[in-house]
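Generate coordinates for the sequence data below:
(chains A and B)
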Amino acid sequence: QQQVKQSPQSLIVQKGGIPIINCAYENTAFDYFPWYQQFPGKGPALLIAIRPDVSEKKEGRFTISFNKSAKQFSLHIMDSQPGDSATYFCAARDGAQKLVFGQGTRLTINP
Amino acid sequence: DAGVIQSPRHEVTEMGQEVTLRCKPISGHNSLFWYRQTMMRGLELLIYFNNNVPIDDSGMPEDRFSAKMPNASFSTLKIQPSEPRDSAVYFCASSRQGRDSPLHFGNGTRLTVT
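Below you'll find the predicted structure:
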């Protein structure tokens, strides 16, 4: 059972472009939505997170947009760089501390 | 801050053998999680502990899998007997207990069962 659906599976963008990764969920008990970034051979690392009481959060070049009514959220990367090439995971957590991950998006930024 | 430390980084074993993966969480973190990552299934939560007590093991795939946390600074995930379909990267993560506390992942153990 896929509780958090993530798309696309892979994405290729030119340097300077704005990749967008989308996630959707069904469980309305989820109240915390982080994004993790994973480089090859490493564990995932927290990038940015949002709670459903705000519609947007920015940290540097990374922005989360959140649509509570549609139960969707997305990650935008402004002015993307080759160093942003990684796998990105959205996730969701309910009050029980369990973090459920999307399937991941392999992002490639071409120079 | 040494981060979450996992050992070994790579493990290759034959089907039927016992495998033990080890994890040292970040000092002061009282929640510990074991995840498994595969191409087909992504990141799956296997089990998590709060204050060394297993809270939810519903993700443990079979009785062949077991996890322990004898103290706040050490946890093990054991597979006995191992099977080829157990081949995956196993991650340990820790966090402080709290609503928005981020998970800090180790670099994983890549397990190959032949």
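
Phi first, then psi, for B:Asp86.
phi -80, psi -10 (degrees, to the nearest 10).

Report the separation between it and chain A.
B:Asp86 is 19 Å from chain A, where distance means CB to the nearest CB, to the nearest Å. From N, CA and C alone the C-beta is placed, and that goes for glycine too.

same check, this time on B:Trp34
12 Å.

Assign the residue of chain A found nearest chain B to helix, strand or coil.
Scanning chain A for proximity to chain B using CB to the nearest CB identifies A:Gly43 as nearest, at 2.9 Å. Three-state call for A:Gly43 (DSSP: H, G, I helix; E, B strand; the rest coil): coil.

How many residues are close by it?
A count of nearby residues for A:Gly43, using other CB atoms under 10 Å in any protein chain shown, gives 23.

Let me see the backbone angles for it.
phi -80, psi 160.

What is the subsequent helix or strand relative to the helix-or-strand element of chain A with minimal mean pLDDT?
Least confident helix or strand of chain A, by mean pLDDT, DSSP states H and E, is strand A:99-101 with a mean of 92. Next helix or strand after strand A:99-101 toward the C-terminus (DSSP states H and E): strand A:105-110.

On the three-state scheme, B:Ser58 is what?
coil.

number of nearby residues for it?
The burial count for B:Ser58: 8, using other CB under 10 Å.

B:Tyr35 now?
26.

Which of the helices or strands spans it?
strand B:31-38.

Identify the residue of chain B closest to chain A, quick one.
For chain B, CB to the nearest CB, closest residue to chain A: B:Phe105, 2.9 Å.
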